[in-house]
Each structure stands twice: as structure tokens, then as C-alpha cells.
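Undergrad: Below are the sequence and a predicted model for it; my questions follow.
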2 protein chains.
Amino acid sequence: MTFELTKEYLDRIQTAIEAGDDTTLRVEMEELYPADISGILYELDTDHAHYLLNLLDHAVGAEIISNLDPAVRVDLLKTFTSEELAPFINQMESDDAVDVLNEQPIQVREEVIALLEDREQARFILDLLHYDEDVAGGLMQKELIKINVNLTVNACIEEIRDQAENVENVYAVYVVDDVGKLLGLVSLKKIVLARKTARIADIYDDDIVYVETYRPAAEVAEVMQKYDLDAVPVVNVQKRLLGRITIDDIVDLITEQAEEDIQVISGLSGEVEEDDTIWARSKVQLPWLVAGAVGSLLAATVINGFQSELGKIAALAAFIPIIGSTGGNVGIQTSSLILQSLSDTTGLNATLGQRLLRTLLVAVINGLVVGLIAGTYTFLIGEPRLFFVVAMSLLAVVLLASFMGTVTPLLLNRIGINPAVASGPFITTANDLIGIGVYFLIADLLLAEL
Amino acid sequence: MTFELTKEYLDRIQTAIEAGDDTTLRVEMEELYPADISGILYELDTDHAHYLLNLLDHAVGAEIISNLDPAVRVDLLKTFTSEELAPFINQMESDDAVDVLNEQPIQVREEVIALLEDREQARFILDLLHYDEDVAGGLMQKELIKINVNLTVNACIEEIRDQAENVENVYAVYVVDDVGKLLGLVSLKKIVLARKTARIADIYDDDIVYVETYRPAAEVAEVMQKYDLDAVPVVNVQKRLLGRITIDDIVDLITEQAEEDIQVISGLSGEVEEDDTIWARSKVQLPWLVAGAVGSLLAATVINGFQSELGKIAALAAFIPIIGSTGGNVGIQTSSLILQSLSDTTGLNATLGQRLLRTLLVAVINGLVVGLIAGTYTFLIGEPRLFFVVAMSLLAVVLLASFMGTVTPLLLNRIGINPAVASGPFITTANDLIGIGVYFLIADLLLAEL
């Protein structure tokens, strides 16, 4: 049922663009959903994409531009003049228009706003430009249906008719008082079923969840998810209705947040697609590889300091990998659990003390198990004198890594850094380094012969 | 604006439950949204939660039970008799009812279905029990408004009135022909604005996105996200309309999927909360710690095999951490990029050959950079004869880890295992092991004196 983009189809489109065969292109594009045309634009080079986009109906083009990957969009829109861009912006929902304009140089932004035919749209955009993009005010759209509480259902239907073109998904009509303060809502279903002469005051629902403009985006996502909302109204401190945030924007936000977390945990510094240029990929991979290398070379310096011990008991070197990787693995596991509990706000939150106690108890069990396994191995390789050194080092490493894995994400979260960083190579490298130091120290203490 | 659960509030509720003060409890709960009552239930012990839930209005209780964390729900519902459970199931949407019943023993499931007052609900549930829970059929709910294409808007409004109680969010009315085949839809907005006597045939939109019952859940999520849908109709192979999937279920699905990916990448075997019991946490952490330990002990065996080399050049041991961690880091980065591109289906997919070529080119750059950094370090510690050994080993390790990081997730995906596994400790350990083998082999080959 959904469109599948093939190499053959793409070739046909490219040939038509090169031949300037606008009729074929228009006919082909008319059969597709905007989301499918986006898929084609991703595969075309920028000039071809520009050509194709300019052929489309502005409303369709507006929807496509709104949903393009921002990196691709910035490149593509560079080839557009302000005069070419304005009619598309004119057709967007205000929140999307602001997102696109925020990516443009200030001059383009101002030219486009000046060129907008729909002056209400221009006003909406100017209003929204004030807000930071990761708070409710930056996510909201100005398009919504609102009605004074003293009017009737009939007046409400007229309002919907007037706004029909601007508001794509209505969901509900917001009810306000004479000064624009949010009182409640009436669902579209209720409007369909109500008598035309019924007064809004008698049928509206005053039990309404709303957010203030300054609420962080993550909190908005959580509220909408928790209360299963399709849209949430946004108000200012006086509770005046300013806009609304719809669920599709939240779905995008949740997906982006999850992608960003996984990217940070995987040690990628910045967004990149697998099929980006070689250089772009190298640029996001190298920072952590280099940082990790430097960390490991610090560990190398520690090991070098114990050269004479290694010279006497070469088998000590054999346990360097298990010390390093166990510390890393425990660190990732623990910080990931903390990460998860930070994003889960149902119920009461544990205090730092409770968290540490529980984590350290788990660490004792895990450290003893791993320590015993590695300890047994010392017998297998005929170095039983290393039993206590290895087992005790592993217990210490697991305890330390659990402590770091608990404290680091909480600390990062407190100072406003994405705590997922603590699950990545940073903590792995730190634990690697600490673990090896602990290991050789314990060896030095326990083995009298060194 | 949203409710904040405090220790004091919780204490008050607990005291009221113990005192059997139903009036206070009912008054307090009436002020809260169902999602907030869930937060309280999470903090109460099972018997208290049972007591509180049984006091609630069945519709409110149904919504709460639908949205509870499944692990908590299973425990809680064990304390309910079939007679107590049935009135709640009676009030749920059919998809939620099936999810809850699927967690119950067969006997309870059958007893509850037999006890349902709403016989249509019973029929819906029996229909849905056939489907696997991770395909469209398992996600859909039977509650929707459908209307024959030959009827009028007025008949449509009557249909909505009849179904109003069952269908919480209407979004749109689905249009079917005489045999129930899906033809299109009419949005609620259009119904509000249409003349009452207009024929559905003249106003419905036949350009509709739908999914078949057998489509995997991930594909449904993708379609809804791509086309920004609030609800998607589900049809059988004859295109007969069977149900619909609403966006709130998809939001939950996306969140769960992201959590599962992060959990797998972090090496946690199974779902666990930070505040679960010590033993539960240890149980999800230990499998990977033990597997990682075994992998590292294999690496230890390799290192032990080169004891005489280590005896001659003790500095060789110093580079074990950088070899291991670089391999691990590159493996995670590469597989994470592949993971991301597997879940992104806009545009054309690269072939395995293209992917490998690009990945290996990136690996050459990264390997050279890290190799040169570590190579420089050999001069700093006065072991310049190790320059080529270390630099070449790191290049080889980065190339191998990139190859593994590309092929493993693709392979896992092909055989139906969550490819996120390839970003976790599994690939780290494998790369650790391979890297150390390569390092000592190269050392053996290049250093004539060994």
C-alpha cells in the first residue's frame, strides 16, 4: 500500500528533470504522498531537488520542507531565493515555519517574513521567534480554534469554518474567557453531537491539562504521554492561551531524543547518517576515539610504571583485559539504569543515599561472582598466587565502577549535560584507567616478592 | 499544574486505606487524573493497591490498569478474582483489554470473558486474541466509527452518537462499501462543516493510508510517523476494515523500543528498574558481566601464550588497554550507525558492498590517526622499536572492528535478532579478543628479536 522507491523510478524522475519535462514530473508527483516525495528528494542532488520542489503545489511543498531532515533542508534551501521560499513558508503551520526560518541567515529570515502574503502567518512567526526551541513556547503552533465561553455551538462551527484552512488537525476547540484566559475545551466529537444552539458554557470540559510556555520540551513530551493527549494547550503565566502543541511534534521529539541518547552512548559526537561522506563520518567518530586513546595511553603509563613487577610475573599482564572490560561494562550498566530512572517520573524518586546503597550491594554480588570466575582461572594457568590479587581487584573495580556509574549521570544531569554521556566511552575509559591502577596497587601490596 | 506525589500525601493515603476510610479515599481520588493515581499505586504495596483500585469507578480503574507497567500489573492483578476484574475489562478499549488478558492464566482469561456484561466487548476480545502482539492485528482496537458510503452525514452523526461511549478519540469516520471494504475516510472536521443532508459518497477522502493485520509493529510505527497520522485503519487481505491503531499506542511502542535498544546496548539482559530488588538487578547485570569475563579470559590466554615476548619487552603490555578499548569503541560506533540506518527507510538503501567500502575508508582515516597518536607515545616512553607494531596493530584493529560492526548487526537483523545486541558488550568483547590476538601476531612478525 505504501510507496516503494526503486532505482528505476528514480532514474525516470532524474531523466525528466534533466529534460525539463515538467508535465511528467507534475503527473508523477501528484500520485505520491508528501512523505514519499521527501524520499525522492533525499536521493537527488541539490539542484535537481530544487527544480522538483519548485514544481510542486506550495501546500504540498510546505509539508515536505517541514518534515525534511534539518541537515538536508539547510543545504537544499541555500539554493532558494527569498522570493522562492516565501510562498512555501506562507503555507506552513507556524511552528514548522519558525523551525525552518531559524535555520536561515537573518537576512533571508527577514526578507521571507516581509514577503509573506498571509499577514497573520507573519505575525504568528514573529511571536514564536522569541522562544527558545526546547521549551513549550518553541514547540507550539499558533494555529488553533478558540472560542469565547459565552458563545454557542453554532458560533463555534462558524469559527471552525473560518479557520478550517489554517488548522489541519482540530482535535478540540479551546474555551477562553473575555480576556483570553484558558477555561477548558470542547472535543470535536461533542460539537458534532451537540445541539447547534447549546451554549459552550454548558457543555465544555473544565478539567484540562495545559503547559506553560517555559516548560522544557522533555516535560511536555512526558505530560502528553502520561495523560495520552493528542494536543496540549500552551499558556503564559496569566494562563492566557497562546498556542498548542500537537502529538506529531512530540512523536518526532521522542524519536530524536532516543536517537541522540543512543548516539551519545555509542560515542558519536554529533548526528551523522551511515551514508554521509567519509569525512563527515570520520569527524563524528574521531573525537571519542582520540579521547579514548589518550585515556588508554594514561593506563599504559600506569602499566609502564610497574614494568619491574611485570618482568617478574609476566602473567600479571594477562588480566589487564578483564580488569578494563569489567569496569567498563559495569559502568555502562549502572549508568544506564540511572539514566532510565531519571527519565521515569512516576512515583517517588529515591535519594542519592538509597541509590548508592542498593547499587553497592548489587556490586558486591556481581564483583564476587566475576572475581571468583577470574580467580579460578589463575589456577588453570598455574599462577595460584595471583588468586587474591585478581579476585580482590575485580571486586574493587566493580564497586568503583558502580559508584562512578551512579554518581556521574546524576552529576551531569544536575549541571545540565545530557546524562547519557556517562554511559558512553567517557565512563568506559575512566573505569579502564582506574581499574588498572587499582589492580597493580593491589598486586604490589599482596605479592611480597615484588 | 500537574500533580506532584509527595511522601506526606502518600502517608495520608496509606493511613486512610488501613483505616478503611473509603469516603476520604474516594474524595481524594476524584481530584486526580488516572495517570496520577497510577503513580500512587506504584508506591503502595500490592494489597493496598488492590484495595484502592477496587474503590474506583470502573471506567477510571480501567484506564489506570491499561496504562500500568506490565510487570507491576501482573503482580497486582494476581490479587483480583475474575469477578473483580471483569467490570474493569468491560470498560477498556478492546486492544488494552486483550493486552491485560494475555498476561493472565488461561482460566482467568476465559472466566473474565464469560463474565463481561458488554457482549460486543467479549466478541471484540475474542477476535483480537488471534493476533500476535507485535503485528498490526495485535495492536489494533475494534472500536471505531464506520459508515456505508451510500449514507448521509446525518446518518453518520447518528452512528457517532451510538458509538460515542465506546470510541474515546474519534479522529475520523471510516467509509466502507456494502461488503465492509475500506474506501476512505471523512475527518471529524469535515463532518462538523458539512450539510447534514450531504452524501458521504460526495465528501469522503479516498486517498487513505492503511495497514494490513500482518504488518510488523515497527512498520506500523514508521508509517504513522512518516505520514503524521493520528490513527491508521487496519484491514485484512480483502481490504475489509477490521480495526484501527491510534497514535497513543504508537508513542508507547516507540518509547519502549528505544528503552529496549538502550538496555541491550548497555548489556542489561532484561527489563529492570533501578529500584528493583538487589537480586533482580544482579540477575540482569550478571549474564553479560560473566560473558565479558569469559571473553577477557580468552584474551588472557592469548596474552599468556606470548609470555616469553612480554618477558623480553615488558613495554608490550602497556598497549593492551589501547588495543582493546579502541576495538570496542570503533565496533560500537560502527554498529550504531548501521542500527540507525536500518531503522531509517526514507530513500534507497545502500548495498552491503557500498556500506563496507565506505566504512572501511572511514576506518583507514580513523585507524591512521589513532595509530599515529599511539605511535608517537612509543617515542615518549623510550620504546621507538614498538612504533610500527603499535601503529599497524591499531590500524588493523580499527579495520577489523569496523568490518565486524557493519556485518554483525546486518546479520543479526537478517536472522531476526534485535541488531542493537551488536552495539553492546558482545561486540566489545569480541573486538577486544581479536585485537589482542592481532597485536601480538604483528609484534611477533615485526620484532625479529622476539
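TA: Received, thanks.
Undergrad: Is any residue of the helix or strand encompassing residue A:225 near chain B?
TA: Remark: residue A:225 resides in helix A:217-226, with elements defined by DSSP states H and E. Yes. Judged by CB under 8 Å from any CB of the partner chain, helix A:217-226 and chain B are in contact via A:223, A:225, A:226. No exception for glycine: its C-beta is placed from N, CA and C like everyone else's.
Undergrad: And for stretch A:31-38?
TA: Yes. Interface with chain B: stretch A:31-38 contributes A:33, A:35, A:38 (CB under 8 Å from any CB).
Undergrad: outside of that stretch, which residues touch it?
TA: Applying CB atoms under 8 Å, 6 or more residues apart in numbering or on different chains, the external contacts of stretch A:31-38 come out as A:2-3, A:5, A:29, A:40, A:52, A:56, A:60, A:63-64, A:67-68, B:209, B:226-228, B:346.
Undergrad: ok, now with 10 Å
TA: Residues outside stretch A:31-38 that contact it (CB atoms under 10 Å, 6 or more residues apart in numbering or on different chains): A:2-5, A:13, A:28-29, A:39-40, A:49, A:52-53, A:56-57, A:59-69, A:72, B:207, B:209, B:223, B:225-228, B:346-347.
Undergrad: Buried ones from these, can you make that a ChimeraX selection?
TA: In ChimeraX, this line selects whichever of the contacts of stretch A:31-38 come out buried by 16 or more other CB atoms under 10 Å in any protein chain shown:
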select /A:2,5,13,28,29,39,40,49,52,53,56,60,61,62,63,64,65,66,67,68,69,72 /B:209,223,225,226,227,228,346,347
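Undergrad: which residues in the stretch 101-250 of chain A form helices?
TA: Assigned helices in the stretch 101-250 of chain A, in chain order: A:106-115, A:119-128, A:136-139, A:153-163, A:188-193, A:200-203, A:217-226, A:247-265 (criterion: DSSP state H, counting those that start in this stretch).
Undergrad: and among the ones you listed, the most buried is which?
TA: Counting by mean count of other CB atoms under 10 Å in any protein chain shown, helix A:136-139 has the highest mean neighbour count of those, with a mean of 24.
Undergrad: what helices or strands is that helix leaning on?
TA: helix A:94-102, helix A:119-128, strand A:211-212, helix A:217-226, strand A:231-235, strand A:241-246, helix A:247-265 (3 or more CB pairs under 10 Å, 6 or more residues apart in numbering or on different chains; DSSP states H and E).
Undergrad: try it again with 7 Å
TA: Secondary structure elements in contact with helix A:136-139, counted by 3 or more CB pairs under 7 Å, 6 or more residues apart in numbering or on different chains; DSSP states H and E, are helix A:217-226.
Undergrad: mind checking pLDDT for the closest residue in space to residue A:64 that isn't next to it in sequence?
TA: Distances taken as CB to CB, 6 or more residues apart in numbering or on different chains place residue A:34 nearest to residue A:64, at 4.8 Å, with adjacent residues excluded. With respect to pLDDT, residue A:34 has a value of 90.
Undergrad: among the contacts of stretch A:31-38, which are in helices?
TA: Within the contacts of stretch A:31-38, residues falling in helices by DSSP state H are A:13, A:28-29, A:39-40, A:49, A:52-53, A:59-67, A:72, B:223, B:225-226.
Undergrad: quick check: domain ranges of chain A?
TA: A:7-127, A:146-246, A:278-446 (automatic domain parsing).
Undergrad: okay, the ones you listed, which one's buried deepest?
TA: Counting by mean count of other CB under 10 Å, domain A:278-446 has the highest mean neighbour count of the domains of chain A, with a mean of 21.
Undergrad: from the chain's centre, how far out does it sit?
TA: Relative to the chain's own centre, domain A:278-446 is displaced by 28 Å; criterion: CA atoms, centre = their mean, to the nearest Å.
Undergrad: what about it, how long is it end to end?
TA: 50 Å (CA to CA, to the nearest Å).
Undergrad: and it, average pLDDT?
TA: Per-residue pLDDT over domain A:278-446 has a mean of 86.
Undergrad: again, but for stretch A:58-75
TA: Mean predicted lDDT for stretch A:58-75 stands at 91.
Undergrad: Then stretch A:217-228?
TA: Computed over stretch A:217-228, the average pLDDT equals 89.
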